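Student: fold the stuff below for me.
(chains A and B)
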Amino acid sequence: MRVTIKLFATLREGRFKVESREVPENVTVQDLLASLNIQLQEVAIILVDGRDAHPAQELREGNVLSVFPPVGGG
Amino acid sequence: METDLRRYQRNQRTISVDAQEKLFNSTAAIIGCGGLGGYIAEELARLGVGQLVVLDGDRFEVTNLNRQILATESNLGQWKAEAACERLRTINSSIKVVCVREWFEEQTADKVLRGVNIVFDALDSIPTRLALERASHRLGIPLVFASIAGWFGLLGVSFPGDFSVYKLFGRHAQESRGMEVSWGNPAFTPAVVASLAVAEGVKVLIGHEVSLHQAWLQIDLLDMEFERFSITD
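Tutor: Numbers count the residues shown, from 1 in each chain, chains lettered A, B, ... in the order given. Modelled structure (predicted):
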């Protein structure tokens, strides 16, 4: 199935801004991130179709996954 | 309201006379006097917010010079909160400035935030931001949260009951600091994000609808992208 992945801020480095990808049915957010070599410690916000999602959530055809790293400086 | 209205002439008409009076009758707390806090405090003083409570338990050090507007070569070692008070008094002697030379702690929040109409997050720690939100919510005070790292930043407005900071940082984020640990903070990032925070905060004080309620603005100065996202349950 196809999903779209949007990476933000520092997660784009060495990767991409947005990409449409063929992925296995029922792949989880966490698995997909692992395939991009993104560890969960590097992630603060996960959205699937604009809604907060858990790393264990399974993706569906056409989902848009948006991932943001932690930004904590001041 | 002070008599020398020429000071605020160039706020008009973006800030109406009524709105200017509301600002003068408001108290804002700036939690942190570093990168974000220095700019936030400076701008609020110039805008004419009547009382500013500036808090920071730290002193300036040489690595602050790249971005902290209150840090100068000659005040290294000075308490940040005191330097903030000195600076703010030179900009606007008609407002009241309260100097709190302490770290923010939930246990002392009631004392620090008493009488405050808005809180500006200028912290550099995620757990402390979560504590600041809890305290602000408990005390019924709107919070403008903001954070920066490298070319990037984000901000939003968390009204009591929103728990926006928790929803953004308390669910998946595991560390107490973010990408700023490896990416640092160049001078332009705190300046941009601080100014956006002040713009939203002013709206809260003057009674205008804010743009970032139950939402955040993701700021990317590398790709020059500014995108608003809703915060969902």
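Student: could you use CA atoms for every contact and neighbour count after this?
Tutor: OK.
Student: quick one: the strands in chain A?
Tutor: Under the criterion DSSP state E, chain A contains strands at A:2-7, A:18-22, A:45-48, A:51-52, A:64-68.
Student: make JSON lines out of those strands and add mean pLDDT, mean neighbour count and distance to chain B.
Tutor: Converted to JSON lines, those look like this (pLDDT from 0 to 100; neighbours: other C-alpha atoms under 10 Å in any protein chain shown; distance: least, C-alpha to the nearest C-alpha, whole Å):
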{"stretch": "strand A:2-7", "mean pLDDT": "98", "mean neighbour count": "18", "distance to chain B": "12"}
{"stretch": "strand A:18-22", "mean pLDDT": "97", "mean neighbour count": "13", "distance to chain B": "13"}
{"stretch": "strand A:45-48", "mean pLDDT": "96", "mean neighbour count": "21", "distance to chain B": "6"}
{"stretch": "strand A:51-52", "mean pLDDT": "96", "mean neighbour count": "18", "distance to chain B": "6"}
{"stretch": "strand A:64-68", "mean pLDDT": "98", "mean neighbour count": "22", "distance to chain B": "9"}
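Student: residue A:37: how many residues sit nearby?
Tutor: 10 (other C-alpha atoms under 10 Å in any protein chain shown).
Student: ok, it - contacts?
Tutor: For residue A:37, the contact set (C-alpha atoms under 8 Å, 6 or more residues apart in numbering or on different chains) is empty.
Student: gap between it and chain B?
Tutor: Residue A:37 sits 16 Å away from chain B, going by C-alpha to the nearest C-alpha, to the nearest Å.
Student: can you give me the distance of the residue nearest the centre of chain B to chain A?
Tutor: By C-alpha atoms, centre = their mean, chain B has its centre lying nearest to residue B:120, at 3.3 Å. Using C-alpha to the nearest C-alpha, one obtains 11 Å as the distance from residue B:120 to chain A.
Student: that residue and residue B:31 touch, don't they?
Tutor: Yes - Residue B:120 is within contact range of residue B:31, at 6.1 Å (criterion: C-alpha atoms under 8 Å).
Student: need the CA coordinates for the worst-scoring helix or strand of chain B on mean pLDDT. PDB is fine.
Tutor: Ranking every helix and strand in chain B by mean pLDDT, DSSP states H and E puts helix B:180-183 at the bottom, with a mean of 93. The C-alpha coordinates for helix B:180-183 follow below in PDB (Å, rounded to 0.1, in the frame of the first residue of the first chain):
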ATOM      1  CA  GLU B 180      19.200  22.000  20.200                       C
ATOM      2  CA  VAL B 181      21.800  19.900  22.000                       C
ATOM      3  CA  SER B 182      23.500  19.000  18.700                       C
ATOM      4  CA  TRP B 183      22.200  21.900  16.500                       C
END
